[in-house]
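Participant: Following is a predicted model, sequence given first.
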Amino acid sequence: MFRKILIANRGEIALRVQRACREMGIASVAVHSTADADAMHVRLADESVCIGPPAARDSYLNMPAILSAAAITGADAIHPGYGFLSENASFAEIVEAHGIAFIGPSPAHITMMGDKIAAKDAMKRLGVPLVPGSDGALTSLAAAAEVAAEIGYPVLIKAAAGGGGRGMKVAHTADELAEAWQVARTEAKAAFGNDSVYMEKYLDRPRHIEMQILADNYGDVVHFGERDCSLQRRHQKLLEEAGSPALTSSQRTELGETVTRALRQLGYRNAGTLEFLYQDGQFAFIEMNTRLQVEHPVSEMVCDVDLVREQIRIAAGQPLGYDQSAVRFRGHAIEIRITAEDPETFIPNPGLISLYHPPGGLGVRVDSALYAGYRVPPYYDSMIAKLIVHAPDRAQAIARMRRAIDEFAIIGVKTTLPLHRRILDDPTFQSGDYTIHWLERFVAKGA
Ligand code: ADP
C-alpha cells in the first residue's frame, strides 16, 4: 500500500480524498495556490506545498510544480480528483514515468475517452448502443448536411474534445445548420484548441443516466448502479440521484452487464463512468469519464462503498476482492451542488463566509471545504458544497433534503440553496417524471 499520496486538487474533493487516506493510514500531501493558503484542504493535510499563483494554469494545472511537490515530499502516488489534470493523459504518463503511481486509468484509456469520437467508436465495437449520428468527425458543412438529412432534424453538433457542455450546438432545421456548425467549431477551438466536431441526433426528451464502475488490474469489473443526472442547466448537472426514478432494477442489471462486459474487454482499470441518454426505453452512450465524478457520493450512499478507498486500493495493485453479487442497492440518495452564485442569474458571488452551519442528522452528508471566516476565492469553480441525503425511499429522501436545506446556513455569499429548495418543492420533480430539458424551463419561469 502507498505510504503517502499527493492530492493534485483543491476544495471539497481534495478533502474527500484526504479523508479516505486518513482512514487507510496513508499520509496526505496538499498542494495549493497562493490564493488557497488558508483553505481547509491545506489545514487538514499532513503536509502542504504551495505550487504557484492563483490562476489555475500556473498552479493546479502546473505539472512541473506538482511533480516537484511530489518529489520533495516523497509521495508515492498522486490522486487527481476531478477537473484540473484528472483527464490529462500526458500528466498520468509523466507521473508514472517518475515512478509515482497515478490513481486512475491508463494514459491510453484516458486518451481514448477524451476524444469522444474515438470513445464512441470503441463503445460501438464493444456492443454498447450509441445515439445515432455521424460515423466519426465531420470534415465539411456539406458532409454535416448529408448526415443531418439522413438521421433527421433536430441535430446536435458536438466537439470531439468536449467537456462542461461547451462546443455543443443544436440545429432544429436545415436553415440553422451552417450557424450551428460555425459556432460549435469556433467554441471548440477556443475552449479545447481542437475544432474537430461530430453530429448526433438531438433527443427531445431524454434522461441523463450514467453507470459507475470500478475495475481492478486483474480483469474484474463491477458496477455500482446508475445515477440520474437529468437536472441540468446549460448541459451542467445541478442535482443527482441514485437510483433513477425512471429505471427498474432489471434495467439496471441489464445496463450494468452491458457496461461491465465492455470495460472488461477493453482492459480498463480503476474508476469510470459511462454516460447515457435514455429515451423511449432505449439507452444511448454519449461519453465516458475516466475519473471520480462530482456526484459519486450518491452511489456511495446506496451501495455503502467508499469509491476513493477502492480507487486507491486498485492503484496499489490490490484485487477488488468481491464480485457483482456483493454490491447491494439500499434506499435512495440525492445530491445537490451548492454554488456561490446568484440563484436567479447564476452570476458567481465569491466573498467572505461570515457564518457557516451545516445540517446534520440521520442520512445527511455534507462534502464541503467551507468554514466561517473563509473567503471563497474568485479564481475557481463556484461550487462550495455538496449536500447529500440518503433515506429508505425517494419520497423520504426528498423530505430529508428539504429539511437539510432549511437547516443549512451559509451567510456572506449568495448561494443556489433557494433554487434547490424550489426544485425539491416542485410537483414535477417530486413525481420523478422529467427530462434533461425540464430544469431550464423551470429556471426561466422564476420564483
Ligand atoms: P460534456 O462532455 O460537454 O458534458 P456530454 O456529451 O456529456 O457533454 O453531454 C452533456 C449533456 O448535454 C448531456 O447530459 C445532455 O443533457 C446533453 N446532450 C448531449 N448529447 C445530446 C443529444 N444527442 N441530445 C440531447 N441532449 C444531449
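Facilitator: Sure thing, it's come through.

Participant: so where's the stretch 51-200 of the chain shaky on pLDDT?
Facilitator: Nowhere does the stretch 51-200 of the chain drop to pLDDT under 70.

Participant: For the ligand, give me its nearest residue in it.
Facilitator: Residue of the stretch 51-200 of the chain nearest the ligand, by C-beta to the nearest ligand atom: residue 200 (3.8 Å). Every residue, glycine included, has its C-beta placed from N, CA and C.

Participant: Correct me if wrong, but that residue is in a helix.
Facilitator: No: under DSSP: H, G, I helix; E, B strand; the rest coil, residue 200 sits outside any helix and is assigned strand.

Participant: So what pairs up with it in the strands?
Facilitator: Taking DSSP bridges as the rule, residue 200 bridges to residue 133, residue 156.

Participant: ok, it touching residue 159?
Facilitator: No: counting by C-beta atoms under 8 Å, residue 200 sits too far from residue 159 to count as a contact (11.6 Å).

Participant: longest strand of the protein?
Facilitator: Using DSSP state E, we find that the single longest strand of the chain is strand 221-233.

Participant: Mind checking what helix or strand follows that one in sequence?
Facilitator: Using DSSP states H and E, the helix or strand that follows strand 221-233 in sequence is strand 236-242.

Participant: Quick one: work out the angle between that next one and strand 221-233.
Facilitator: Relative orientation of strand 236-242 and strand 221-233, computed by axes from the mean of the first three to the mean of the last three C-alpha atoms, to 10 degrees: 130 degrees.

Participant: Using CSV, list the CA coordinates for strand 236-242.
Facilitator: C-alpha atoms of strand 236-242 as CSV (Å, rounded to 0.1, in the frame of the first residue of the first chain):
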residue,chain,number,x,y,z
GLN,A,236,-24.3,21.1,-16.5
LYS,A,237,-25.6,18.9,-13.6
LEU,A,238,-27.2,20.6,-10.6
LEU,A,239,-28.8,17.6,-8.7
GLU,A,240,-28.2,13.9,-9.0
GLU,A,241,-30.0,10.8,-7.7
ALA,A,242,-29.3,7.1,-7.2
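
Participant: tell me the domain ranges of this structure?
Facilitator: By the assignment in automatic domain parsing, the chain contains the domains 4-103, 132-201, 207-444.

Participant: Please name the nearest non-neighbouring residue to residue 32.
Facilitator: Once flanking residues are discounted, residue 32 sits nearest to residue 42: 4.9 Å by C-beta to C-beta, 6 or more residues apart in numbering.

Participant: How many neighbouring residues does the one you found have?
Facilitator: The number of residues packed near residue 42 is 19, by other C-beta atoms under 10 Å.

Participant: Please enumerate residues in contact with the helix or strand that contains it?
Facilitator: Mapping residue 42 onto the secondary structure by DSSP H and E places it in helix 40-43. Residues from elsewhere that reach helix 40-43 (C-beta atoms under 8 Å, 6 or more residues apart in numbering): 7, 9-11, 14-15, 18, 30, 32, 36, 48, 369-371, 374.

Participant: Among those residues, which ones are in strands?
Facilitator: Per DSSP E, the contacts of helix 40-43 map to strands at 7, 30, 32, 48.

Participant: Throw these into JSON lines and include neighbour count, pLDDT and distance to residue 271, thanks.
Facilitator: Shown next, in JSON lines, are these (neighbours: other C-beta atoms under 10 Å; pLDDT from 0 to 100; distance: C-beta to C-beta, whole Å):
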{"residue": "7", "neighbour count": "27", "pLDDT": "98", "distance to residue 271": "15"}
{"residue": "30", "neighbour count": "29", "pLDDT": "98", "distance to residue 271": "21"}
{"residue": "32", "neighbour count": "23", "pLDDT": "98", "distance to residue 271": "24"}
{"residue": "48", "neighbour count": "21", "pLDDT": "98", "distance to residue 271": "25"}
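
Participant: ok, back up a step: buried residues in the helix holding residue 42?
Facilitator: For helix 40-43, burial by neighbour count (16 or more other C-beta atoms under 10 Å) applies to 40, 41, 42.

Participant: Ok, stretch 289-305 next?
Facilitator: By 16+ other C-beta under 10 Å, the buried positions in stretch 289-305 come out as 289-303, 305.

Participant: The protein against the ligand: which residues are in contact?
Facilitator: Residues of the chain lying close to the ligand (C-beta under 6 Å from any ligand atom) are 131, 156, 162-165, 200-203, 206, 208, 232, 235, 275, 277, 286-287, 436.

Participant: ok, now with 5 Å
Facilitator: Selection of the chain residues close to the ligand by C-beta under 5 Å from any ligand atom yields 131, 156, 162-163, 165, 200, 202-203, 208, 235, 286-287, 436.

Participant: Scan those and report the most crowded one.
Facilitator: residue 162 (25 neighbours).

Participant: Could you confirm that residue falls within a helix?
Facilitator: No: if the criterion is three-state DSSP, then residue 162 is coil and not within a helix.

Participant: Use 3 as the first number for this chain going forward.
Facilitator: Done: numbering now begins at 3, and the last item shifts to residue 164.

Participant: I figured it was touching residue 171, is that so?
Facilitator: No: if you go by C-beta under 8 Å, residue 164 and residue 171 don't touch, sitting 11.0 Å apart.

Participant: Going by residue numbers, what spans are strands in the stretch 153-302 of the chain?
Facilitator: Assigned by DSSP state E, counting those that start in this stretch, the stretch 153-302 of the chain shows strands spanning 157-161, 170-173, 199-203, 209-217, 223-235, 238-244, 272-281, 284-291.
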